Each structure stands twice: as C-alpha cells, then as structure tokens.
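S.K.: I would like to see how this sequence folds:
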Amino acid sequence: MKKDGFIEYIMAGYPLLWVESHEEHRALVSYAAELAAAKEKYDLYTWDCADGIRPVKYDFKRGFEVGAPITWAPPGGEPEPLVHPMRALQWMEEVAGRSIEIDNGRKILGNAIVFFKDFHPFLDMDKAPNNAVPVIRKIRNLIPTFKGCGKVIVVLSPLVHIPTEITKEITVVPFSLPDREGLKLVLKKACDDSGAPYPKDDEAIIDASLGMTYFEAENAFSVSLVRNKKFDAKAIREEKSAIVRKDKILEVVDTEISLDDVGGLETLKQTLVSWKNCFTEKARQFGVRPPKAMLLGGIAGCGKSLTAKAVATAWGRPLLRLDMGSVFDKWVGESESKIREVFKLAEAMAPVVLWIDEIEKSLSGDHEVTKRVKSTMLTWMQEHTSDVFIVATANEVNLLDAALLRRFNYVFWVDLPDKVQREEILKIHLRKKGRDPKKFQSVMDQLTDLSNGFNGSGIEDWVDKAVQRAFNVNHSDVELEDLVESSKEISPITKLNAEEITQARNWAKSHNARNASVSHDVTVAPETLTKRKITVAE
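M.R.: Here you go, the predicted model:
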C-alpha cells in the first residue's frame, strides 16, 4: 500500500492529525503495525463515545489486539469509563503514555497516541457549538505540551470538518484505498475461507474490484461465489456499481459506445486515437507526459457526452461519471470531503476515465462552498500523478473561469454538424434502427438539407419519429415520406438558441479552442425567430 506519511508525522512530533477514511479498522491495524516496527515505541489507544478509552497494540505473532475499556477517577471523583471527550482528553494529558526522558534527564509521560473514532461531531461548531467549544479549547491547550512529549491526538473519521480555531495546527492524512496487492490478499483470504481455488484470471478479478474497501471487496468476492459458484469479474463490477451508486455522486457507466458511433468530430476522434499510445510504458520511457484532462465545450446535443463514453471504450478503461450537482445538493456541509472521496476512488480505480458532465453548472459562481470545492478540484487536477483522465463537458463555456480552464491540457470546441457530418450522423442512427442507409443515398442531399440546423440529438430524434410514423401508417419500412414529414416536428436548435450559439462561438474564438470537427462547408448559422425591420434615419 502506498505510504501516506503518517509515521513520518508521528516521528516529526506532530501533535494533531486527522486521518480521513471509511476503513477505520484497517487504518488502525496498518498504523499499529507500522508503529510496532518503528525504533521509537509508543503506547496506543482508541477512543469512541460507546466504550471510551481502550489500549491497543500490534504483535507480529498474534496480530492486532484490543484491551478492555479503561476506567479512571479524576481528582476527587469516582472511577468511570472515559466516554466523554473532555474526560478522555484530560486522561490523555495526565495519565497516558510511558516514562520518557527529556531535557536535563527529567522524565515525563509521553509517546502516547490516541485514535479518536468518529470525533468530528464533537468539533462541529455549526451543529453543536456548546459541546464543541470546550473540546476545541482543550485541544488547543494541549498542543504546546503534546508536541514536546510525543503525545498525538489522531481524529479517525470518514469526514473532514476542521474547526477554524485549529486549522493551522492540524494535518489531514488521507488513508488510501487498497491497491492491487492488498486486494489480492483479500481474494486469497476469500479462497481460504470458502475452500475455493485461487482463480487463474485473478488480474481480471482485481481490475473489477479496484476502488473498493477491504470490506466491500470481501463482500463482492463472497457474493460472487454464492451466485456463480466462482469468482466472476462481471458480478464483482455489478457490486461495485451498486456501491458507487449509494451516494448518488458517482456512477460506474457500463458503455459499449465506440468512436464509430460518434458522427463528425473528426479532429477530436483522431486526437483521442493518437493519445491512447501516450499512456503506454514505452511512451513513458521515451519521456512522453500523457494528457490529464480535456474540456469539451460547445452547443448542446452535439456529441460531447457521447464522446466521453466512447473514450472509455476506445482506451479500454472503466468510466466514472461525476454528478457535481449532487456534491452540493445532497451533501450540504460535506461537499469538500465528498469530492476528495471521489478523487480517492478514481485514483484507486486507475487507469480510469472520469467524466464530469456540465461542469459549468456547479463550478461557476461566488458561493463560498463552490469556491472551496473548486479549490480542492484545482489542486487535485494540478498535483495528482495517477492514471485518471478527466473528460469535462460544458454547454455554457463562458461561465468557466481562467483558473479552471488552465487545468485542461486541451479545450475542444464542439459546434453544430455541417452537411457532411449530418449525413454521417443520419446514417449512424438509421443503422442503429436496423435500416440500410444506402436505400436513401440518392436522396441524401435532400435529407441533409432538411436537417440544416439540427444538432446530433435532433437527428436521432428525427429518425426515431420517422420509424414511429412508418409503423403507424403501416409502411413496410421507413420511406422518404416518413423522414420528410417527421423533419417538420423537429425544431432546429439554431432557432431555439440563436443568441447563445453566437455567444458561445465568440468565446471559442477568443479562447483559441480547438475545433473538434473538420469544416466541410460554411458554418451553420443561428437564426432568429423573426426578422427585425430596422430603419436608419438619413
């Protein structure tokens, strides 16, 4: 597992750490084992609001051990479990630790680490200020003493809610999800527990489980055995999709859409094909730095989302769709933690394509939460080294600020399809409906003229309506008449969004966005609904 710096922080005398993880037990065992192997020895404890303080240790023969809850009598009081956070902090100050020698041979109690489980509600100034104020104050009082004696307060929680008062004193440590080697250990344990043979296609099984916690992977392996009598990669992927959907922020998109299903966008498709080789080991050894992110901006319904799906298929990668709206809507007050969790999952699933749809709807504006989430995203996009490729799509590109735009290696402009591209798109959708486009080759000029001003989704809708009409009037197949009459039911986007199209095209020119398509004729012009009569006085 990739090291996260926890032990280095301990050895450097950091008195206050916040470990962000859903895997409470695995984090404890991992850190206890690392500390047991370290030269400097520490007494370890856990705290929670149910059992109070309990001693823990890691023995290389017996494993992780947890002792009985400690009771303690403060001066003038009766012995009691240390379930109250203030009592636990007082006990840590006065009792916890082993005798260590400091300046001039003086001995004090030190080298004690207490992992405070689910401590974040006791630090929440918004929801419970009366409880949080004394706890935060006590922590601030302890920091100067603890940094000199090796005592460490470790908050262990899946959420990060740091009070302003201790922001500068605390360090956040992200605990990584299991890597390939870790998941192989879980798979081996599942084999040992069930008596099943270790699968020959273990790499496919591990690929399917990347991004899961130990517990989730153990569950997925087990249910795969129960349902299929074997470890089945497809069943494990289905379990992972169900897990990811729980928060309604991320979705594992199962897609078979290829670049051949995308009409037009010739330059973009050629670029994506050439980029695939940039992620190989040979390219890395040659010194190629693969792209991290691209933005597809442009007119709605012209293939941006379709391309995001096709990228994953073309590169043979899983596709994660991030719903930025849900980050804000569903997780009020937890948006930053949730977005960090998303990135952690994406990194664990790498190589992966992360699709951020309509990014401008969530990351534009001056709301304080929006600013913090955007800052978290910008930092990650700049610093991450994992094989996560971002495809962001935007219709209202003018809402995106310069800081975000700079994080994209390439910005492509997706415009309305021209006549040649409309023909290609029409043929794609006819084939999807089981019709041979050659039947309409002699009238293709007429059909592409009828579709002037249509976007890609408009052409798809047009074909759907033509098939429906042919069925309703008892035609044996789709005829030219069905396509002609159905075209009248489609409102060209050039009429509906004329002003927006003009503004967006101006933005693309001023920002030097690369044209996703090769132009074959004049640009499809936006139309106003009615012509205006203007008289200029002489």
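S.K.: output the below-cut-off pLDDT ranges for the stretch 401-538 of the chain.
M.R.: 520-538 (pLDDT under 70).
S.K.: all strands of it, in order?
M.R.: Remark: strands assigned in the stretch 401-538 of the chain by DSSP state E, counting those that start in this stretch are 410-414, 514-515.
S.K.: in the first one, which residues are buried?
M.R.: Meaning strand 410-414. Using 16 or more other CB atoms under 10 Å as the test for burial, strand 410-414 gives 411, 412, 413, 414. C-betas here are computed from N, CA, C, even on glycine.
S.K.: any idea how far that strand is from the chain center?
M.R.: In terms of CA atoms, centre = their mean, to the nearest Å, the gap separating the centre of strand 410-414 from the centre of its chain is 22 Å.
S.K.: counting contacts, what elements does that strand pack onto?
M.R.: If you count contacts as 3 or more CB pairs under 8 Å, 6 or more residues apart in numbering; DSSP states H and E, strand 410-414 packs onto helix 266-276, strand 293-298, strand 514-515.
S.K.: mean neighbour count and distance to residue 455 added to those, as TSV?
M.R.: TSV is the format used below for these (neighbours: other CB atoms under 10 Å; distance: least, CB to CB, whole Å):
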stretch	mean neighbour count	distance to residue 455
helix 266-276	17	16
strand 293-298	25	10
strand 514-515	14	16
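S.K.: spatially central residue for the protein, please.
M.R.: residue 342 (3.0 Å; CA atoms, centre = their mean).
S.K.: how far away is that one from residue 449?
M.R.: In this structure, residue 342 and residue 449 are 45 Å apart, going by CB to CB, to the nearest Å.
S.K.: between the two ends of stretch 95-112, how far is it?
M.R.: Taking CA to CA, to the nearest Å, the first and last residues of stretch 95-112 lie 10 Å apart.
S.K.: out of the helices and strands packed on strand 410-414, which is closest to residue 133?
M.R.: With CB to CB as the measure, strand 293-298 is the member of the helices and strands packed on strand 410-414 nearest residue 133 (42.3 Å).
S.K.: how distant is the closest one from the center of its chain?
M.R.: 17 Å.
S.K.: check which element follows it along the chain.
M.R.: helix 304-315 (DSSP states H and E).
S.K.: strand partners of the next helix or strand after that following helix, parallel vs antiparallel please.
M.R.: Of the helices and strands lying after helix 304-315 in sequence (DSSP H and E), the nearest is strand 319-322. Paired strands of strand 319-322, with direction, are strand 250-253 (antiparallel), strand 352-356 (parallel) (DSSP bridges).
S.K.: in CSV, list these along with distance to residue 39 and mean pLDDT.
M.R.: Formatted as CSV, the strands paired with strand 319-322 follow (distance: least, CB to CB, whole Å; pLDDT from 0 to 100):
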stretch, distance to residue 39, mean pLDDT
strand 250-253, 41, 87
strand 352-356, 39, 94
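S.K.: return the most buried member of these.
M.R.: strand 352-356 (a mean of 25; mean count of other CB atoms under 10 Å).
S.K.: relative to helix 304-315, how tilted is that one?
M.R.: Angle of strand 352-356 versus helix 304-315, following axes from the mean of the first three to the mean of the last three CA atoms, to 10 degrees, is 180 degrees.
S.K.: can you show me the CA trace of strand 352-356 as CSV?
M.R.: Written as CSV, here are the backbone C-alpha positions of strand 352-356 (Å, rounded to 0.1, in the frame of the first residue of the first chain):
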residue,chain,number,x,y,z
VAL,A,352,-9.9,5.2,-15.5
VAL,A,353,-11.8,7.9,-17.4
LEU,A,354,-13.6,10.4,-15.0
TRP,A,355,-16.4,12.2,-16.8
ILE,A,356,-17.6,15.5,-15.3
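S.K.: circling back: for the buried residues of strand 410-414, which one is nearest residue 254?
M.R.: Using CB to CB, these come closest to residue 254 at residue 414, 24.1 Å.
S.K.: that closest one bridge partners, please.
M.R.: Bridge pairing for residue 414 - DSSP bridges - gives residue 298.
S.K.: that one contacts residue 295, doesn't it?
M.R.: No: using CB atoms under 8 Å, residue 414 makes no contact with residue 295, being 10.2 Å away.
S.K.: could you pull out the helices for the stretch 51-200 of the chain?
M.R.: For the stretch 51-200 of the chain, the helices defined by DSSP state H, counting those that start in this stretch cover 85-94, 129-146, 180-194.
S.K.: include mean pLDDT, mean neighbour count and distance to residue 390 when you put the ones you listed into JSON lines, please.
M.R.: Output for those, formatted as JSON lines (pLDDT from 0 to 100; neighbours: other CB atoms under 10 Å; distance: least, CB to CB, whole Å):
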{"stretch": "helix 85-94", "mean pLDDT": "94", "mean neighbour count": "20", "distance to residue 390": "40"}
{"stretch": "helix 129-146", "mean pLDDT": "93", "mean neighbour count": "15", "distance to residue 390": "37"}
{"stretch": "helix 180-194", "mean pLDDT": "93", "mean neighbour count": "16", "distance to residue 390": "22"}
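S.K.: adding distance to residue 312, write the ones you listed out as CSV.
M.R.: Formatted as CSV, the helices of the stretch 51-200 of the chain follow (distance: least, CB to CB, whole Å):
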stretch, distance to residue 312
helix 85-94, 46
helix 129-146, 44
helix 180-194, 20
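S.K.: distance check, residue 351 against residue 390.
M.R.: Distance from residue 351 to residue 390, by CB to CB: 13 Å.
S.K.: higher neighbour count, those two?
M.R.: Counted by other CB atoms under 10 Å, residue 351 and residue 390 do not tie: residue 390 has more neighbours, with 26 against 16.
S.K.: and the more buried one, bridged to which residues?
M.R.: residue 293, residue 354.
S.K.: one more: residue 46?
M.R.: Residues in beta-bridge contact with residue 46 (DSSP bridges): residue 54, residue 115.
S.K.: burial of residue 399, as a residue count?
M.R.: Residue 399 has 15 nearby residues by other CB under 10 Å.
S.K.: these two touch, right, it and residue 364?
M.R.: Yes: under the criterion of CB under 8 Å, residue 399 makes contact with residue 364 at 3.9 Å.
S.K.: which residues does the closest residue to residue 14 other than its chain neighbours bridge with?
M.R.: Leaving aside its chain neighbours, residue 14 sits nearest to residue 171 (5.8 Å; criterion: CB to CB, 6 or more residues apart in numbering). With DSSP bridges as the criterion, residue 171 is bridged to residue 17.
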